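Student: Sequence below, structure please.
(chains A and B)
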Amino acid sequence: MLKIKPEEIKVLSNYIYNVSGISIDASKAYLLETRFGKLLEEEGCRSYVEFYRKAKSDTHRTLERKIIDAITTNETLFFRDTNPFELLRHKIIPELIDNRSGRGITNLKIWSSACSTGQELYSIAIILKELLSRNRTHKISLLGTDLSDAAVAQASAGTYNKFEIERGLPREKLHHYFTPAGGNWKIKDEIRAMATFQHMNLMQPFVGLGKFDIIFCRNVAIYFTLQDRKKLFEKIAHALLPDGYLLIGSTESLTGICPQFVPKRHLRSIYYQLQ
Amino acid sequence: MTLLKILVVDDDPVTRTLLAKRLIREAYTVDTAEDGRVALEKLARQLYDVVLTDLIMPGGMDGIGVLEAAKRINIKTEVVLITAHASVDNAIEAMKKGAADYLQKPINFDELFLRLDKIRNLKMLIKNALDLGEAMDVTEKRSAETIQNLEIMVAGLNGRLATIKTVLLKEEMAPETRILFALDRLNE
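Tutor: Residues are numbered from 1 along each chain as shown, chains lettered A, B, ... in the order given. Down below sits the predicted model:
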């Protein structure tokens, strides 16, 4: 594999930061090589600088999208960490429904802001389906966004291979909510229809999203600089309804990041609400 | 990882013995079965990393039958089929059913050992990945506990500091009273 030169690391990581907000420090040079080695070959580039120039001059942004797909970490699984989903099932949803009852049809808007290949949003959809199936007075809208077009495309297709399916999904849920599709598994239409997926860069202003009841922003801010994390959660605070809930990754913290959010504990989980 | 444990299945005693002998010489742990039925009994009793089986065998259970039984008993058992040139198509069909590899007769032992090395490396990689995943899981759980406890603690302390500040700024109170109130809040 072609070695990346020290001066190329800076150029390429600056470029990646500009197009994605992902911050890669010089000690992670190996990451650039392992993630881009194959793409470099496919593009017929003989150096990382040439690769960068090609991406930069591509007005259709085809290479930029491929670079984003390659550098984003799509690690995800169904019901990742369990706790947030228990929290959703036993506290957040019942509480929100309680708060909103008496106002006619309850609208619930939930956003999985770095949805990767869709497992998080479909896990949420499954829980909502189980909780609210008999009650038709709820209008649910589930939005999943991700920086990677490839991830969004897979989420939209709702198709998973056996390795993805084996991670986190209990067997009875698999048979209940998925159908076999040529060696893979496809999410059933009734769940698929609950969710919408679209491409979005969290570094850019949130336009036309409206306000949400629940925002999941888990394990994505860790790839951003401190300053960008502050900006992101500031924007999220504006996108959350006054009694809404924010869930972040289990090892993430908002201390010193966004004073508008107050952490609250419920059993083994932490969630955040506006002050 | 120790060397692989292999079950050799072949109805031809000469091939079976030869295979077993060569594998033992390479320090593999080897067991043999003379047909599919015996293979099945052995597979049910103990775990093998690899089953090396002839594709065509008499007695109701051929190599495909052994493959299916081995995979059913333990999905992690890898099956390598041995086939005559004429039945390569069948071997390819077997690969679709989950066989790891196939070898053509006459057996080239160097080739066999290379295939076994590949299987061993793959098994080691899978084991490493699972170990890593497990280690990460534990680390993540522990750090999540610590971070979440700190998060709540810091929020509590910040709240207390804010109250203390408010108390200390209350100009209508005498300074000593403010300090006493502030100390009270601090000791809560």
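Student: contacts, neighbours, all on C-alpha from now
Tutor: Will do.
Student: Contact residues of chain A facing chain B?
Tutor: A:250-255, A:262-265, A:270 (C-alpha under 8 Å from any C-alpha of the partner chain).
Student: Just the buried subset of those residues, please.
Tutor: A:250-255, A:262-263, A:270 (16 or more other C-alpha atoms under 10 Å in any protein chain shown).
Student: who's in contact with stretch B:44-59?
Tutor: B:4-11, B:35-37, B:62-64, B:66, B:70, B:73-74, B:76-83, B:91 (C-alpha atoms under 8 Å, 6 or more residues apart in numbering or on different chains).
Student: mind listing what's buried in that stretch?
Tutor: B:47-57.
Student: Show only the entries of the buried ones among the residues of chain A next to chain B found in strands.
Tutor: A:262-263, A:270 (DSSP state E).
Student: show me where the chain has helices.
Tutor: Chain wasn't specified; assuming chain A. A:6-20, A:29-42, A:48-57, A:62-71, A:83-87, A:93-100, A:119-132, A:149-157, A:162-166, A:171-177, A:189-192, A:226-238 (DSSP state H).
Student: try again with chain B
Tutor: Under DSSP H, chain B gives helices at B:13-25, B:36-45, B:63-73, B:88-96, B:109-168, B:175-187.
Student: Please convert these to a markdown table, extending it with distance to residue A:189 and mean pLDDT.
Tutor: Below are the helices of chain B laid out as a markdown table (distance: least, C-alpha to C-alpha, whole Å; pLDDT from 0 to 100):
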| stretch | distance to residue A:189 | mean pLDDT |
| --- | --- | --- |
| helix B:13-25 | 52 | 95 |
| helix B:36-45 | 41 | 95 |
| helix B:63-73 | 31 | 93 |
| helix B:88-96 | 29 | 85 |
| helix B:109-168 | 32 | 93 |
| helix B:175-187 | 57 | 92 |
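Student: Tell me which of the ones you listed is the most buried.
Tutor: helix B:63-73 (a mean of 21; mean count of other C-alpha atoms under 10 Å in any protein chain shown).
Student: got the contact list for that one?
Tutor: With contacts defined as C-alpha under 8 Å, 6+ apart, helix B:63-73 is touched by B:36, B:39-40, B:43-44, B:51, B:53-57, B:77-79, B:81, B:94, B:97-99.
Student: Per-residue confidence, residue 172, what does it come out as?
Tutor: Since you didn't name a chain, this refers to chain A. Looking at residue A:172, its pLDDT stands at 91.
Student: wrong one, chain B
Tutor: 94.
Student: worst average pLDDT in the helices of chain A?
Tutor: Looking at the helices of chain A, the weakest mean confidence is helix A:162-166, a mean of 86.
Student: Please enumerate residues in contact with it?
Tutor: A:77-78, A:174, A:183-185.
Student: Return the subset of the residues you listed lying in strands.
Tutor: A:184-185.
Student: Flag the least confident of the contacts of helix A:162-166.
Tutor: residue A:183 (80).
Student: got a list of what that one touches?
Tutor: A:161-162.
Student: Excluding chain neighbours, what is closest to the closest residue to chain A within chain B?
Tutor: The minimum distance from chain B to chain A, using C-alpha to the nearest C-alpha, falls at residue B:144 (4.4 Å). Leaving aside its chain neighbours, residue B:144 sits nearest to residue A:251 (4.4 Å; criterion: C-alpha to C-alpha, 6 or more residues apart in numbering or on different chains).
Student: need the contact list for the one you found.
Tutor: B:140, B:143-145, B:147-148.
Student: Would you mind giving the domain segments of the chain?
Tutor: With no chain named, the answer covers chain A. The record's domain parsing of chain A by automatic domain parsing lists A:6-71, A:83-274.
Student: Can you look at chain B instead?
Tutor: If you go by automatic domain parsing, chain B breaks into B:5-107, B:135-186.
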